[in-house]
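# The sequence and its predicted three-dimensional model are supplied below.
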Amino acid sequence: MSATQPVQPAQPVPPAQPAQPKVTEREARQVAEAAREQGWQRPSFAKELFLGRFRLDLIHPHPLPADEDVRRGEAFLARLREFCESALADGLAARIEREAKIPDETVRGLKELGALGMKIDPKYGGLGLTQVYYNKALALVGSVSPAIGALLSAHQSIGVPQPLKMFGTQEQKDTYLPRCATTAISAFLLTEPDVGSDPARLATTAVPDGEDAYVLDGVKLWTTNGVVADLLVVMARVPRSENHRGGITAFVVEADSPGITVEHRNAFMGLRGLENGVTRFHRVRVPAAQRIGAEGAGLKIALTTLNTGRLSLPAMCVGAGKWCLKIAREWSGAREQWGRPVARHEAVAVKISFIAATTFALEAVVDLASQMADEDRNDIRIEAALAKLYGSEMACLMADELVQIRGGRGFETAESLAARGERAVPAEQMLRDLRINRIFEGSTEIMHLLIAREAVDAHLSVAGDLIDPDKALGDKAKAGARAAGFYARWLPQLAAGAGQVPGTYRAFHPAGHPDLATHLRHVERASRKLARSTFYAMSRWQGRMETKQAFLGRIVDIGAELFAMSAACVRAEHLRATGDHGREAYQLADAFCRQSRLRVDELFGRLWDNTDDVDGKVVAGVLSGTYAWLEEGVVDPSGDGPWIADATPGPSTHENAHRPIR
């Protein structure tokens, strides 16, 4: 079909053909479950929140960094700010957007600053920054260009340094970390043309070649940093055989190894400087000494790495919120309509208030989770995931509101604004750049499911066998006994709590400040209501609970709002106690909590009063072609190409687009 032919919608849409043998839904779940971090050795504020237990003591008083960490972090931020201001003065942001590439000299400058080694221990040549200051650095450099933030984040948060720090041998650390800290850019390669968030279908193979090597074959898609990388973390499937347990396994691979071809540099609606591509492996020999961890441990390594790695993305969302607030304040104060600045019109004022309050809360979430990660006293797997989910969603909303506040100028490009003599405000670019964050490192929908699985872990631990159709009657009887004991103790705790006692959390109601204690009491009550709702849903749907993804998404969204409210209140009280903008912080926290409570009330209402069932029926009709007539009257410019590119293993037929920055 040509691009000018009318759409022919009479036939139902056929499913995309997989590039490898089909994996059943149960097999996919088993792979994902095996990769989960099992058990909870340390406390988790968010886990307790989903269980109806508001453990304010786990986050208040606000944890603080050590003095030496602050000194080292602030010193680097000062150098980085000078670099960023110089880069902006030279027009770097506009150049990256125009040329769709980060200039090599900029990358070299970042290397000289030590930015590649922000999180790497000084004994390997890194800066040894804490998670808190690493995040502040990403927010700062991301305000110049999100593509630069993505390059540094992909290198350190999910690239070679973090997996080696957590799972590498001493020899691997000694070999690769000094390079990563100073000169070598790394990338993380998991996704494939037909494999996204379902790694059970991973097709890239690593076949043992004797006792000392593996041979890699396959194609990887959306390889952030892959176009310019010197080192790769590659996930590949080792076949099970004698002396090999097999499974998805992680490897450190030299990017210039024979048989590796970067076949294409991808282009996107935003992040135009992103060095993201398609990489083919054909008979690539990798020494066994470059395997990270054991065979079959690859997914567990990836997920564990992401526990803190996910915090880098919401950190850059905080930076975006700060920039949106600055532009909204300056523009809406200068622009007049009907005799007054547009900020003084209520329709615009509510948007500015939303941006200000949400930026405060999001920074509170990221700083709190990051400091807890640095202290390593709490298990933050849920907190980090909530920060990623909440930050990516709210940042997009803030950028969208900024575009609306700017009106036609918000839709106009910075280049066009400058060409006609106005300030080059890249509001539309910000909206485009932020959009990927709802997909990067786990889409919103996948994050909902991941967090929901962790949130109901306590229930599945005691009652999972009851709803497992494959369990024997004896196992179900034992599970029933365990569940009876657990729920006999747990359910009565959900009936009443501190949130119903006037005067609770008095420390959050100092004289002359808004009453944040009221909001914390609401969080406590809502936490118990959330736990009751989850229990009722599990009782109602049992084994079908995992199919109720819209319901689970709302459960998680409520938890995210409650976490954000808690973090905002704790941050406000910390700033008041230290004398830093205490009154203003209380006002922002109060505004955020009031806005958040409205969203929570709506989400609770939609748990049971929604269109989920009718939506399912409509989708069934769409897929069967029942509503195909609705598609008539348009033409389809996308043509007849395949939905998923061919990823058959074999030699590359493309010119190598790999361009390492020396």
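Great, that's in hand. Everything numeric in this text was worked out from a predicted model, so none of it was measured. Numbers count the residues shown, from 1 in each chain.
# which stretches of the stretch 501-650 of the chain have low pLDDT?
For the stretch 501-650 of the chain, not a single residue meets the criterion pLDDT under 70.
# mind listing the helices in it by residue range?
Under the criterion DSSP state H, counting those that start in this stretch, the stretch 501-650 of the chain contains helices at 516-541, 549-578, 582-608, 612-624.
# same question, the stretch 351-500 of the chain
With DSSP H, counting those that start in this stretch as the criterion, the stretch 351-500 of the chain has helices spanning 381-406, 408-411, 414-419, 427-435, 444-455, 457-467, 473-490.
# looking at the ones you listed, which is closest to residue 283?
Closest of these to residue 283 is helix 444-455, at 32.7 Å (criterion: CB to CB). Where C-beta positions appear, they are placed from N, C-alpha and C, glycine not excepted.
# what about that closest one, distance to the chain center?
11 Å (CA atoms, centre = their mean, to the nearest Å).
# just stretch 284-298 next, same as before
For stretch 284-298, the distance to the chain centre is 26 Å (CA atoms, centre = their mean).
# Would you mark the buried spots in that stretch?
For stretch 284-298, a neighbour-count test (16 or more other CB atoms under 10 Å) marks 284, 286, 290-293, 295-298 as buried.
# re earlier: possible to save the helices of the stretch 501-650 of the chain as TSV with mean neighbour count and distance to residue 225?
Shown next, in TSV, are the helices of the stretch 501-650 of the chain (neighbours: other CB atoms under 10 Å; distance: least, CB to CB, whole Å):
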stretch	mean neighbour count	distance to residue 225
helix 516-541	20	39
helix 549-578	24	29
helix 582-608	18	35
helix 612-624	12	37
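# would you turn these into JSON lines with distance to residue 142?
Below are the helices of the stretch 501-650 of the chain laid out as JSON lines (distance: least, CB to CB, whole Å):
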{"stretch": "helix 516-541", "distance to residue 142": "30"}
{"stretch": "helix 549-578", "distance to residue 142": "21"}
{"stretch": "helix 582-608", "distance to residue 142": "22"}
{"stretch": "helix 612-624", "distance to residue 142": "36"}
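# Among those, single out whichever gets nearest to residue 304.
Closest among these, using CB to CB: helix 549-578, at 20.6 Å.
# Now do the lowest-mean-pLDDT helix or strand in the chain and helix 444-455, the angle between them.
Within the chain, no helix or strand scores below helix 25-35, which has a mean of 70 by mean pLDDT, DSSP states H and E. For helix 25-35 against helix 444-455, the angle by axes from the mean of the first three to the mean of the last three CA atoms, to 10 degrees is 60 degrees.
# Would you tell me which of the helices of the stretch 501-650 of the chain gets closest to residue 240?
helix 549-578 (31.9 Å).
# that older thread, how about the helices of the stretch 501-650 of the chain, which one is nearest residue 117?
Nearest to residue 117, of the helices of the stretch 501-650 of the chain and by CB to CB, is helix 549-578 at 29.1 Å.
# how big is the angle separating that closest one from helix 582-608?
170 degrees.
# Packing partners of helix 549-578?
helix 45-50, helix 346-375, helix 381-406, helix 444-455, helix 516-541, helix 582-608, helix 612-624 (3 or more CB pairs under 8 Å, 6 or more residues apart in numbering; DSSP states H and E).
# closest one to residue 67 among these?
That would be, of the helices and strands packed on helix 549-578 and by CB to CB, helix 346-375, which comes in at 13.5 Å.
# if we can go back for a sec, out of the helices and strands packed on helix 549-578, the one nearest residue 260 is which?
helix 444-455 (28.2 Å).
# list the helices and strands the closest one packs on?
Applying 3+ CB pairs under 8 Å, 6+ apart, one finds that helix 444-455 contacts helix 45-50, helix 381-406, helix 549-578.
# Now the second one: average pLDDT?
For helix 381-406, the mean per-residue pLDDT is 97.
# for residue 603, what are its contacts?
554, 557-558, 561 (CB atoms under 8 Å, 6 or more residues apart in numbering).
# give me that answer again for 6 Å
554, 557-558 (CB atoms under 6 Å, 6 or more residues apart in numbering).
# now it: how far from residue 552?
12 Å (CB to CB, to the nearest Å).
# so what sits against both of those two?
Common neighbours of residue 603 and residue 552 (CB under 6 Å, 6+ apart) do not exist.
# mind giving me TSV with the helices of the stretch 351-500 of the chain and columns for mean neighbour count and distance to residue 171?
Putting the helices of the stretch 351-500 of the chain into TSV (neighbours: other CB under 10 Å; distance: least, CB to CB, whole Å) gives the following:
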stretch	mean neighbour count	distance to residue 171
helix 381-406	24	29
helix 408-411	14	53
helix 414-419	15	48
helix 427-435	23	39
helix 444-455	20	33
helix 457-467	19	36
helix 473-490	13	44
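# Kindly reformat those as TSV containing distance to residue 340.
Output for those, formatted as TSV (distance: least, CB to CB, whole Å):
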stretch	distance to residue 340
helix 381-406	15
helix 408-411	19
helix 414-419	24
helix 427-435	22
helix 444-455	38
helix 457-467	54
helix 473-490	56
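# Ok, which of the ones you listed comes nearest residue 572?
Per CB to CB, nearest to residue 572 of these: helix 381-406, 17.7 Å.
# for the closest one, packing partners?
helix 45-50, helix 312-334, helix 346-375, helix 427-435, helix 444-455, helix 549-578 (3 or more CB pairs under 6 Å, 6 or more residues apart in numbering; DSSP states H and E).
# quick one: that helix to helix 346-375, angle?
150 degrees.
# Next, the angle helix 427-435 makes with helix 381-406.
Using the same axes, to 10 degrees: helix 381-406 against helix 427-435 is 160 degrees.
# quick one, helix 381-406 and helix 312-334 angle?
20 degrees.
# show me what contacts the nearest residue to residue 521 once chain neighbours are set aside?
Once flanking residues are discounted, residue 521 sits nearest to residue 499: 4.1 Å by CB to CB, 6 or more residues apart in numbering. Residues in contact with residue 499 (CB under 6 Å, 6+ apart) are 521, 524-525.
# is it possible to export those to JSON lines including distance to residue 58?
JSON lines is the format used below for the contacts of residue 499 (distance: CB to CB, whole Å):
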{"residue": "521", "distance to residue 58": "17"}
{"residue": "524", "distance to residue 58": "13"}
{"residue": "525", "distance to residue 58": "18"}
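# Identify, from those, the entry nearest to residue 630.
Distances from residue 630 to the contacts of residue 499, taken by CB to CB, are shortest for residue 525, at 44.5 Å.
# so how far is residue 531 from that closest one?
With CB to CB as the criterion, residue 525 and residue 531 are 11 Å apart.
# of all the helices and strands packed on helix 549-578, which lies closest to residue 137?
helix 346-375 (11.7 Å).
# chain center to the closest one, what's the gap?
16 Å.
# packing partners for the helix or strand where residue 175 lies?
Using DSSP states H and E, residue 175 sits in helix 170-182. When contacts are defined as 3+ CB pairs under 6 Å, 6+ apart, helix 170-182 packs onto helix 161-167.
# tell me which residues of the helix it packs on are tucked away?
161-165, 167.
# any idea which of these is closest to residue 386?
When those are compared against residue 386 (criterion: CB to CB), the nearest one is residue 162, at 19.9 Å.
# these two touch, right, that closest one and residue 305?
Yes: between residue 162 and residue 305 there is a contact under CB atoms under 6 Å: 4.9 Å.
# SS state for residue 54?
coil (DSSP: H, G, I helix; E, B strand; the rest coil).
# Let me see the contact set for the residue nearest to it when sequence neighbours are not counted.
Excluding the flanking residues, the one nearest residue 54 by CB to CB, 6+ apart is residue 524, at 4.1 Å. Shown in contact with residue 524 (CB under 6 Å, 6+ apart): 54, 497-499.
# Neighbour-wise, give me the winner out of those residues.
residue 54 (24 neighbours; other CB atoms under 10 Å).
# thought it was touching residue 526?
No: Residue 54 lies out of contact with residue 526 (CB under 6 Å); the separation is 8.9 Å.
# Run through who's touching stretch 458-466.
Residues contacting stretch 458-466 (CB under 6 Å, 6+ apart): 51, 471, 475-476, 479, 482-483, 486, 538.
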